[in-house]
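K.L.:
pasting the sequence and the predicted coordinates here, then a few questions.
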2 protein chains.
Amino acid sequence: MFESAELGHKISKAAWKREMPALREGLLDAQLDLQQSGKFPVIILVAGVDCAGKGATVNLLSEWMDPRHIETHALRDLTDEELERPAMYRYWRVLPPRGKIGIFIGTWYSAPLVDNVYGTIKNAELDQQLERILRFEKMLCEEGALVLKFWLHLSRDEQKKRLKLLEKDPKTRWRVTDTDWQHYKLYNKFRKVSERMLRTTSTPESPWIVVEGTDPRYRYLTIAKSLLGALRQRLDAPEAGCHTEPIPPIMPTIDNLLLLRTLDLSKKIKKSDYEDQLERYQGKLNLLTRHDDFKKLSVVVVFEGNDAAGKGGAIRRIVQALDARQYRVIPVAAPSEEERAQPCLWRFWRSIPSKRRFAIYDRSWYGRVLVERVEGYCERADWMRAYGEINDFEEQLVRNHTVVVKFWLSISQEEQLRRFKQREKIGFKRFKITDDDWRNRDKWSEYEVAVCDMIDRTSTEIAPWTLVEANDKYFARIKVLKTLCERIEEALKK
Amino acid sequence: MFESAELGHKISKAAWKREMPALREGLLDAQLDLQQSGKFPVIILVAGVDCAGKGATVNLLSEWMDPRHIETHALRDLTDEELERPAMYRYWRVLPPRGKIGIFIGTWYSAPLVDNVYGTIKNAELDQQLERILRFEKMLCEEGALVLKFWLHLSRDEQKKRLKLLEKDPKTRWRVTDTDWQHYKLYNKFRKVSERMLRTTSTPESPWIVVEGTDPRYRYLTIAKSLLGALRQRLDAPEAGCHTEPIPPIMPTIDNLLLLRTLDLSKKIKKSDYEDQLERYQGKLNLLTRHDDFKKLSVVVVFEGNDAAGKGGAIRRIVQALDARQYRVIPVAAPSEEERAQPCLWRFWRSIPSKRRFAIYDRSWYGRVLVERVEGYCERADWMRAYGEINDFEEQLVRNHTVVVKFWLSISQEEQLRRFKQREKIGFKRFKITDDDWRNRDKWSEYEVAVCDMIDRTSTEIAPWTLVEANDKYFARIKVLKTLCERIEEALKK
């Protein structure tokens, strides 16, 4: 894999001078097209061997292009705000929006590589982590991002030479740390693991580009040309990011036996029992949040359901048991302008809770496989891949000790009609029924199919869906509270 | 000031039951109006004596209203991301946008109060801090926010009773800390300083509302009614937030002698000198950023200037001397949807740099007193108050050891025309001249007056403007680099 990058590639000064001006101009031009069209974001990873010129390369790119539309992110120590959230949070929060370029030095590849070389994680765990990275990058590409991954390589001798050279000069001595020499001693190990890493994470959409780091001119020119080529190709493509592969349709159940229809919506609870149990479970929930180990957890609660199924009421019964400083309720409506310029999960990463806190979503990331699917707001290919992306997202939350609890509140068509009419009669403007509500109602069976698909594909052992029979509000609220308590209790036991 | 809050106010259970339902309904209704109209944000401060029921009150408000449009923020330990920025950063980042309610427990008043009681800061410093708070709150009000400040009061005996009661119950014992008892011992001191604080920070736009905390029903009812009253008044006002006071016009200079016109735009530098000095000052800048003490600083550079004055070119010459990981260039155009729902400085607070980093603004918060003033995008009253708000903002940056360097790049009308024509001739699309550019040109003299007013009002001893004669690009770039170096050097010496 690194053979070609040890051949001693070189570019003469004359060739450099000949090529550079047009290249610079081309890059600046492409960047302007990118920015004006706002077609897609560009994510550039610059990884590789220590001292292979990562910093210098990035500086050159920033210098050649318009620094106003390019941002460089170096892996620094995690801030405490980042430490309390899943590892990918730090990258999500700085992803470039459409039209901009983000350069990452020291990337999501660094930790798995170093951890494996130093034996902190075994190969199996390394592969797991790489698999997660792959899925993340796949998501970026499918959201339209141009992802370019450069690996700057040096041979062992060359690396040693560099380190010595830097150490000799008093002006650059500070750059050589003990860690650098330690890594150097492990060169062969690093090389082996890097090779494995590059092999398993080179994909057709975002292959690794290995560049020999010895000669700066060769390195600069190779990277600049790759970048320009990739930019131009995407910018000049007739319709960037369109899906060419046909996506096979999901097979509908042939016997019309849908999970949702198996719910016994007649389940009820007496008012007096409701009041008793409400107090009991609210008390329990409150106690659980004061548990010593609760400080290691955070809680994400997702509410989805038919219109007028009582999501708001159920949420109120939860927050009554909590301290107002401890939760945030996030109503999910149409994304804002800044959110629309990012991958669709970006806006949810913005609000994931730190330790000891609840984030309660009134509608959620499942909009993509529900309303967006049914109303045709996105392509079939987009909502099809959303199932996997959502599972990945929730897995990251769970690995970060977030309890993910998801509720589908289900009412019958008759009950919904009754509630709509009641609301119209009461006439309180806060209960106004919108045209959307009636339109959604007309598509009842399409929603039914979408919900069943959603549950089949995203109810997982780590983040299961709880179907809530909600024709009776009392029954629904108790089931929600009880389930939430059980799930938190379970997590505390671990 | 606290006399009325020690009378033993009480509300009977019967009165409570009678009033509560309508009050709840009214609040919910007002909140919905607020959210649907998106007219203004509501900022509620809940401060006061320990154990006076701050938490319980906030919980009740959240319970009564729609938790999806209300967010509670408690003063927790500063995160390291907050520690590196001015003290108000933590509040700016969570300000509620228009249409939403933000509740703050433990507010910007806590630190000055406690610090003064414990003798960390003297009265003079306390007054300074309160003055800054006043200006901040004034800005919020003038940006349209409804700011409500509640102070929950307890007499000394009552506080002692509360603490004892909490300690007796094993379920609440954890809530009483040593700090609480320590504060109790200092009750009289706290009372005295609080009184001073409340007195000096009660303004007509946002007066303190002192509430006796002893009886929960009295406390809840008083606060809920005040909130509802204030909400309704603002919501039902014919035109919320309009300026009724006439703002006196700024007197134009009567002899037509403008600061800008005194610049000697013929200043020039030879190409060979330029190249020497460029290298020299870029090298110097780079060295300065490696200085040991530079880790205590951050740098904000502001570029304003005539169209085509060469801001972009000057910025490039700066970043060439920096590591790409160390700076961010922020091009300032029209605000995004999320930014428009916030006070006008909010979007700049988003990007202020952490320690050791540069934020370089290509156009800036001065847009309000330049383009917005001249084009009439905002009221006279708005841009008039912007001068003071901007000075406050920059003062906060400087107190946080941020070097604030501001450049006005000035070219003559003839030179601008030459550059416009040249750009049109070259025809590179990246140099396209827009209609805006020609329009701005027609208003040359209006801009000239606005620029002079801006410099007169915002060139301060802590953040002075540097006027740059920019007809000659070489001269301008060197002056920019040299000034930047000098300002950083100066800060390092302190």
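P.N.:
Received it, and whenever you're ready, just let me know what you need.
K.L.:
mind giving me the packing neighbours of the lowest-mean-pLDDT helix or strand in chain A?
P.N.:
Sorting the helices and strands of chain A by mean pLDDT, DSSP states H and E puts helix A:435-442 at the bottom, at a mean of 81. Applying 3 or more CB pairs under 8 Å, 6 or more residues apart in numbering or on different chains; DSSP states H and E, one finds that helix A:435-442 contacts helix A:413-426. (Each C-beta comes from the backbone N, C-alpha and C, glycine too.)
K.L.:
tell me what angle the helix it packs on forms with helix A:435-442.
P.N.:
Relative orientation of helix A:413-426 and helix A:435-442, computed by axes from the mean of the first three to the mean of the last three CA atoms, to 10 degrees: 160 degrees.
K.L.:
residues in contact with helix A:413-426?
P.N.:
A:265, A:306-309, A:411, A:431-433, A:437-438, A:441, A:444, A:471 (CB atoms under 8 Å, 6 or more residues apart in numbering or on different chains).
K.L.:
of all pairs in those residues, which one is the farthest apart?
P.N.:
Greatest spacing in those, by CB to CB: A:265 and A:432 (25.5 Å).
K.L.:
who has more neighbours out of these two?
P.N.:
Higher neighbour count among residue A:265 and residue A:432: residue A:265, with 17 against 12, using other CB atoms under 10 Å in any protein chain shown.
K.L.:
so that one makes contact with residue A:410?
P.N.:
Yes. Assessed by CB atoms under 8 Å, residue A:265 is found in contact with residue A:410 at 6.9 Å.
K.L.:
narrow the contacts of helix A:413-426 to those that are buried.
P.N.:
A:265, A:306-309, A:411, A:433, A:441, A:471 (16 or more other CB atoms under 10 Å in any protein chain shown).
K.L.:
need those in a markdown table (columns: secondary structure).
P.N.:
Formatted as a markdown table, the buried ones among the contacts of helix A:413-426 follow (DSSP: H, G, I helix; E, B strand; the rest coil):
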| residue | secondary structure |
| --- | --- |
| A:265 | coil |
| A:306 | coil |
| A:307 | coil |
| A:308 | coil |
| A:309 | coil |
| A:411 | coil |
| A:433 | coil |
| A:441 | helix |
| A:471 | coil |
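K.L.:
ok, these vs chain B, which is closest?
P.N.:
residue A:433 (14.4 Å; CB to the nearest CB).
K.L.:
who's in contact with that closest one?
P.N.:
A:420, A:423-424.
K.L.:
again with residue A:269
P.N.:
Contacts of residue A:269 by CB under 8 Å, 6+ apart are A:277, A:472, A:474-475, A:478.
K.L.:
go on, residue A:226?
P.N.:
A:148, A:150, A:209.
K.L.:
quick check: it is in a helix.
P.N.:
Yes. Assignment of residue A:226 by three-state DSSP places it within a helix.
K.L.:
any residue of the lengthiest helix in chain A touching chain B?
P.N.:
Counting residues, the longest helix found in chain A (DSSP state H) is helix A:13-37. Yes. With CB under 8 Å from any CB of the partner chain as the criterion, chain B is reached by helix A:13-37 at A:28-29, A:32.
K.L.:
domain ranges for chain A, per the record?
P.N.:
A:3-236, A:262-493 (automatic domain parsing).
K.L.:
tell me which parts of the stretch 101-250 of chain A are close to chain B?
P.N.:
Checking the stretch 101-250 of chain A against chain B by CB under 8 Å from any CB, the hits are A:103, A:105.
K.L.:
low pLDDT regions in the stretch 101-250 of chain A?
P.N.:
Confidence mapping of the stretch 101-250 of chain A against pLDDT under 70 gives the ranges A:239-250.
K.L.:
all helices for it, in order.
P.N.:
A:110-117, A:123-142, A:156-168, A:178-185, A:187-201, A:216-236 (DSSP state H, counting those that start in this stretch).
K.L.:
nearest spatial neighbour of residue A:266, chain-adjacent residues omitted?
P.N.:
Leaving aside its sequence neighbours, residue A:266 sits nearest to residue A:471 (CB to CB, 6 or more residues apart in numbering or on different chains; 6.9 Å).
K.L.:
test my guess that that neighbour contacts residue A:305.
P.N.:
No. Using CB under 8 Å as the test, residue A:471 is too far from residue A:305 to be in contact (11.7 Å).
K.L.:
if we only consider the contacts of residue A:433, which is nearest to residue B:488?
P.N.:
residue A:423 (63.0 Å).
K.L.:
state the distance from the closest one to residue B:79.
P.N.:
The gap separating residue A:423 from residue B:79 is 43 Å, by CB to CB, to the nearest Å.
K.L.:
which strands and helices sit next to the helix or strand hosting residue A:275?
P.N.:
Per DSSP states H and E: residue A:275 is located in helix A:271-288. Contact here means 3+ CB pairs under 8 Å, 6+ apart; on that basis helix A:271-288 packs against helix A:311-319, helix A:473-493.
K.L.:
out of these, which gets the lowest mean score?
P.N.:
Lowest mean pLDDT of the helices and strands packed on helix A:271-288: helix A:311-319, a mean of 94.
K.L.:
residues making contact with stretch A:365-382?
P.N.:
Here stretch A:365-382 has contacts from A:142, A:243, A:245, A:247, A:249, A:302, A:304, A:332, A:344-345, A:348, A:383, A:386-387, A:390, A:393, A:440, A:443, A:446-447, A:450-451, A:453-454, A:457-458, using CB under 8 Å, 6+ apart.
K.L.:
dump that stretch to CSV, keeping only the CA atoms.
P.N.:
What follows is stretch A:365-382 as a C-alpha-only set of coordinates in CSV (Å, rounded to 0.1, in the frame of the first residue of the first chain):
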residue,chain,number,x,y,z
TRP,A,365,-35.0,12.3,13.6
TYR,A,366,-37.7,9.8,12.6
GLY,A,367,-39.4,12.5,10.6
ARG,A,368,-37.4,11.4,7.7
VAL,A,369,-38.9,7.9,7.6
LEU,A,370,-42.4,9.2,8.5
VAL,A,371,-43.6,12.5,7.1
GLU,A,372,-40.7,13.0,4.7
ARG,A,373,-41.2,9.6,3.3
VAL,A,374,-45.0,9.7,3.0
GLU,A,375,-45.2,13.3,1.7
GLY,A,376,-42.3,12.7,-0.7
TYR,A,377,-40.1,15.4,0.8
CYS,A,378,-37.1,13.2,0.1
GLU,A,379,-36.1,10.5,-2.3
ARG,A,380,-36.7,6.9,-1.6
ALA,A,381,-32.9,6.3,-1.4
ASP,A,382,-32.7,9.0,1.3
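K.L.:
which positions in that stretch come out as buried?
P.N.:
A:365-374, A:378, A:382.
K.L.:
please apply the same query to stretch A:131-139.
P.N.:
In stretch A:131-139, counting by 16+ other CB under 10 Å, buried: A:132-133, A:136-139.
K.L.:
ok, now stretch A:450-470?
P.N.:
Buried, per 16+ other CB under 10 Å, within stretch A:450-470: A:450-455, A:457-459, A:463, A:465-470.
K.L.:
re earlier: widest-spaced pair of the buried residues of stretch A:365-382?
P.N.:
A:365 and A:374 (15.9 Å).
K.L.:
coming back round to it: list the residues that contact both of residue A:265 and residue A:410?
P.N.:
A:469-470.
K.L.:
if we can go back for a sec, will you turn the helices of the stretch 101-250 of chain A into TSV that also has distance to residue A:483?
P.N.:
Formatted as TSV, these follow (distance: least, CB to CB, whole Å):
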stretch	distance to residue A:483
helix A:110-117	35
helix A:123-142	28
helix A:156-168	56
helix A:178-185	48
helix A:187-201	38
helix A:216-236	46
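K.L.:
re earlier: which of the contacts of stretch A:365-382 are buried? Put it as a ChimeraX command.
P.N.:
In ChimeraX syntax, the buried subset of the contacts of stretch A:365-382 is picked out as below (16+ other CB under 10 Å):
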select /A:142,302,304,332,344,345,348,383,386,387,390,393,440,447,450,451,453,454,457,458
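K.L.:
now residue A:127: closest residue in space, sequence neighbours ignored.
P.N.:
Nearest residue to residue A:127, sequence neighbours excluded (CB to CB, 6+ apart): residue A:200, at 7.0 Å.
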